[in-house]
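What shape does this take:
(one chain, ligands or ions: 1)
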Amino acid sequence: MLAIIGGSGLTTLSNLDVSHREVVRTPFGEPSGALVFGEICGKPAMFLPRHGYGHTIAPHMVNYRANLWAIHHHKATGIISVASVGGIREDMGPGEIVIPNQIIDYTWGRKSTYFEGVDSPVTHVDFTEPYDAKLRQRIQDAAASLNIPIKLGGVYAATQGPRLETAAEINRMERDGADLVGMTGMPEAVLARELNTPYAAINVVANHAAGRGSSANGIRFESLEVVLHEAMGKVRGIIERLVSSQEM
Ligand code: HPA
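Got it, this is the predicted structure:
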């Protein structure tokens, strides 16, 4: 069963025919909310809103370990993570849908491993390719079958937040090789890897990153809400196609 983690702009999955909800208790505390189980076109899926149902949990306060543990506990065969981002690369403007292939992690102080504690052996997971290639391909196929244009590949910069970046920070991230910037991609991706669960992301560009394009003098999300809403509609379509076309 696929799991979908929703972000800003995707706090519910309207096309999920809900069968039940479950509050999962984990050794790492409480997930962001109850896991929602159901079917999309007859195929099972589960959903969790990363920021909670009332969108009250800030990126640096999300209990990523509890979220991923709960999803893994319910035997997810893969995780699709949806998140809105700022676009750094010129061709990644508001409304673009990007399937990133790499990550640079600028976050700090987040609990980012399951391998800690006195009895836990030191473990270094391989993270050369942070996203699952097969899952990325399935997202690509689903989008192609719906004629929804997406951008394949991009370097995602994970920042601490909750504040947005300065223009100089964005310039530095670009020099580092980043194309997109968001606040929630890490440690989510690495925890999925530690749990051996295939993980891929769908990023929706909500705004030009600080100092770029329409954000040259500041970031104003209000004017971009329509764009984000429209793009999230397409993401819902992609997810529906992806879930309904899986074997089981
Ligand atoms: N920066 C960081 N995270 C974001 C942005 C941004 O510009 N837009 C949406 N999430």
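
so how far is stretch 80-95 from its chain's centroid?
11 Å (C-alpha atoms, centre = their mean, to the nearest Å).

quick one: contacts of the longest helix seen in the chain?
Secondary structure of the chain per DSSP state H: the longest helix is helix 225-244. In this structure, residues lying in contact with helix 225-244 by C-beta atoms under 8 Å, 6 or more residues apart in numbering are 2, 4, 8-10, 13-15, 40-43, 45, 80, 82, 84, 94-97, 138-139, 142-143, 145-146, 148, 150, 202, 204-206, 221. (Each C-beta comes from the backbone N, C-alpha and C, glycine too.)

near the ligand too, which of the residues you listed?
Filtering these for neighbours of the ligand using C-beta under 6 Å from any ligand atom leaves Ser84, Ala206.

So which of the contacts of helix 225-244 sit within helices?
Short answer: the contacts of helix 225-244 in helices (DSSP H) are Arg138, Ile139, Ala142, Ala143, Ser145.

Residue numbers of the chain in contact with the ligand?
84-86, 159, 164-165, 181-183, 206-207, 209, 219.

Between those, which sits nearest the ligand?
Set against the ligand, the nearest of the residues of the chain next to the ligand by C-beta to the nearest ligand atom is Gly86 (2.3 Å).

How many residues are close by Pro31?
27 (other C-beta atoms under 10 Å).

for the closest residue to Phe28 other than its chain neighbours, what are its contacts?
Closest residue in space to Phe28, ignoring its immediate chain neighbours: Arg65 at 4.0 Å, by C-beta to C-beta, 6 or more residues apart in numbering. By C-beta under 8 Å, 6+ apart, the residues touching Arg65 are Thr26, Phe28, Gly29, Lys111, Tyr114, Pro187, Leu191.

Buried subset of these as a ChimeraX selection?
Buried members of the contacts of Arg65, defined by 16 or more other C-beta atoms under 10 Å, are picked up in ChimeraX with:
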select :26,28,114,187,191
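
Save the contacts of Arg65 as CSV, and put in distance to Asp132 and pLDDT too.
Formatted as CSV, the contacts of Arg65 follow (distance: C-beta to C-beta, whole Å; pLDDT from 0 to 100):
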residue, distance to Asp132, pLDDT
Thr26, 23, 96
Phe28, 23, 95
Gly29, 26, 96
Lys111, 23, 96
Tyr114, 18, 95
Pro187, 16, 98
Leu191, 14, 98
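
Filter the contacts of Arg65 down to just the ones in helices.
Using DSSP H, the contacts of Arg65 in helices are Pro187, Leu191.

Filter the contacts of helix 225-244 down to just the buried residues.
2, 4, 8-10, 13, 15, 40, 43, 45, 80, 82, 84, 94-97, 138-139, 142-143, 148, 150, 202, 204-206.

All good on my end, thank you.
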